[in-house]
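Participant: sequence? don't have it. structure:
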């Protein structure tokens, strides 16, 4: 696939970066990404991937836009309140970049439909806000050999990890069992500032771009406290007894 004149101009600043170049951009234009969840994380992810020139993006979310979303979810405005997040985002980002295809599906992701949703994806990005769906994504991606990038945010804290089946640990190596209801903090309970989803989404997108261009992704679980301006990367070993990715 060779870029046309419009694409060369659109992505000129990105291709000047020697880690991307024209060959890297051509790989991005030929890539297919699924984003599950289009809220604070997913919205930032979708915005960045669309502007980066990923050729096909599928947005999946069952929720509608609420007024309290506007504090941290960058694609929406007041006129979108009450409308489908996935549909609104697909429409708006298609106007940002007409070189690519952006599609939406309004549904709840669960074990019964996850494989059909992600079957053609080169990579899946986690924009969800609940733990159960992340385990559904993890188990299906590992089973199908599809890479995915986990992300989570709350308050001013966030974390992300790239999961490459057969190469890296999976989510169940870090947390073997789904936490009990009420045992983990949520944004509805303790709040969130809008900088942290933007930062974690930026890290997820950068790792996704690296993967799609055939470059090595970063290993380990990255932990960020934006308020305290702290970051650390925790090395995680694959669990040989993991029920999903173990031997």
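Facilitator: Thanks, I have it. Everything quoted here is computed from the prediction, not taken from an experiment.

Participant: which other helices and strands does the helix or strand of the chain with the lowest mean pLDDT contact?
Facilitator: Each helix and strand of the chain was given a mean pLDDT (mean pLDDT, DSSP states H and E); the minimum falls on helix 187-190 at a mean of 89. Packed against helix 187-190, as judged by 3 or more CB pairs under 8 Å, 6 or more residues apart in numbering; DSSP states H and E, are the following elements: strand 147-154. Any C-beta I mention is one placed from the backbone N, CA and C, and that applies to glycine too.

Participant: what lines up beside the strand it packs on in the sheet?
Facilitator: Sheet neighbours of strand 147-154, with direction, are listed as strand 123-126 (parallel), strand 157-163 (antiparallel) (DSSP bridges).

Participant: contacting residues around residue 199?
Facilitator: In this structure, residue 199 makes contact with 158, 224, 226, judged by CB atoms under 8 Å, 6 or more residues apart in numbering.

Participant: so in terms of bridging, what pairs with the residue lying closest to residue 187 once chain neighbours are set aside?
Facilitator: Nearest-residue entry for residue 187: residue 154, 5.7 Å, with adjacent residues in sequence omitted and distances by CB to CB, 6 or more residues apart in numbering. In this entry, residue 154 is beta-bridged to residue 157, by DSSP bridges.

Participant: got the contact list for residue 154?
Facilitator: Going by CB under 8 Å, 6+ apart, residue 154 touches 185, 186, 187, 190, 192.

Participant: which parts of this structure are strands?
Facilitator: Counting by DSSP state E, the chain has strands at residues 32-36, 56-60, 101-105, 123-126, 147-154, 157-163, 221-225, 230-234.

Participant: please work out which of those is packed deepest.
Facilitator: Sort the strands of the chain by mean neighbour count, taking mean count of other CB atoms under 10 Å, and strand 123-126 sits at the top with a mean of 27.

Participant: relative to residue 15, how far out is the closest residue to residue 50 other than its chain neighbours?
Facilitator: The shortest distance from residue 50 to any residue other than its chain neighbours is 4.3 Å, reached at residue 93 (CB to CB, 6+ apart). The span separating residue 93 from residue 15 equals 21 Å under the rule CB to CB, to the nearest Å.

Participant: can you check residue 202 too?
Facilitator: Taking CB to CB as the criterion, residue 202 is separated from residue 15 by 19 Å.

Participant: the two - which one has more neighbours?
Facilitator: Set side by side, residue 202 and residue 15 give different neighbour counts by other CB atoms under 10 Å, the larger being at residue 15 (20 against 14).

Participant: which residues touch that one?
Facilitator: 8, 21, 22, 24, 25.

Participant: who wins for neighbours among these?
Facilitator: When neighbours are counted by other CB under 10 Å, residue 25 leads the contacts of residue 15 with 24 neighbours.

Participant: if I pick that one, what's in contact with it?
Facilitator: If you count contacts by CB under 8 Å, 6+ apart, residue 25 has them with 3, 7, 11, 14, 15, 53.
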